[in-house]
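Chemist: I need the structure of the sequence given here:
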Amino acid sequence: MFVLSDSGLLLFSWHSKEIKQDLKKDDDLLMGFLTAINTFATLERGEDIKSLKLKETTIIFEKFEQIPLF
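Modeler: Sure thing, here's the model as predicted:
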């Protein structure tokens with residue numbers, strides 16, 4: 001799970017125990033890449049990305065105007 005600011009800055013990340021420690025260090029790079037893809041989609045198509053499906057991974061984009069209280 002990743003929490004980003006409106007500008008795409010990574011504020012928080014959480015990984016399950018199965019994720020290798022060396023992959024966690026790439027969180028900022030990954031979030032920058034996904035932010036760039038979403039910005040491109042917004043500028044070129046006028047749409048935000050809702051999900052990105054890979055072979056074994058699905059990335060779901062959710063945007064909240066406020067942080068929900070649980």
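
Chemist: So for the longest helix seen in the chain, what gets flagged as buried?
Modeler: Scanning the chain for the longest helix, with DSSP state H as the assignment, gives helix 27-45. If you call a residue buried by 16 or more other C-beta atoms under 10 Å, then helix 27-45 has these buried ones: 31, 34, 35, 38. The way it works is simple: take the backbone N, C-alpha and C, and place the C-beta from them, glycine included.

Chemist: The third one reaches residue 10, doesn't it?
Modeler: No - Residue 35 is beyond contact range of residue 10, at 9.3 Å (criterion: C-beta atoms under 8 Å).

Chemist: which neighbours do these two share?
Modeler: Residues touching both residue 35 and residue 10 (C-beta atoms under 8 Å, 6 or more residues apart in numbering) are residue 4.

Chemist: on that earlier part again, which strands or helices does the longest helix of the chain pack on?
Modeler: Applying 3 or more C-beta pairs under 8 Å, 6 or more residues apart in numbering; DSSP states H and E, one finds that helix 27-45 contacts strand 2-4, strand 10-13.

Chemist: looking at the protein, which helix or strand is least sure?
Modeler: Using mean pLDDT, DSSP states H and E, helix 21-24 stands out as the lowest-scoring helix or strand of the chain, at a mean of 58.

Chemist: could you check the distance from the spatially closest residue to residue 14 that is not a sequence neighbour over to residue 47?
Modeler: Nearest non-adjacent residue to residue 14, counting by C-beta to C-beta, 6 or more residues apart in numbering: residue 1, 4.5 Å away. Plainly put, residue 1 is 23 Å away from residue 47 if you go by C-beta to C-beta, to the nearest Å.

Chemist: where does this structure dip in pLDDT?
Modeler: Scanning the chain for pLDDT under 70 picks out the ranges 16, 18-25, 66-70.

Chemist: 80 instead?
Modeler: 1-28, 63-70 (pLDDT under 80).

Chemist: Can you tell me, leaving aside adjacent residues, what's nearest to residue 34?
Modeler: Setting aside the residues directly before and after it, residue 34 is nearest to residue 59 in space (C-beta to C-beta, 6+ apart), at 6.9 Å.
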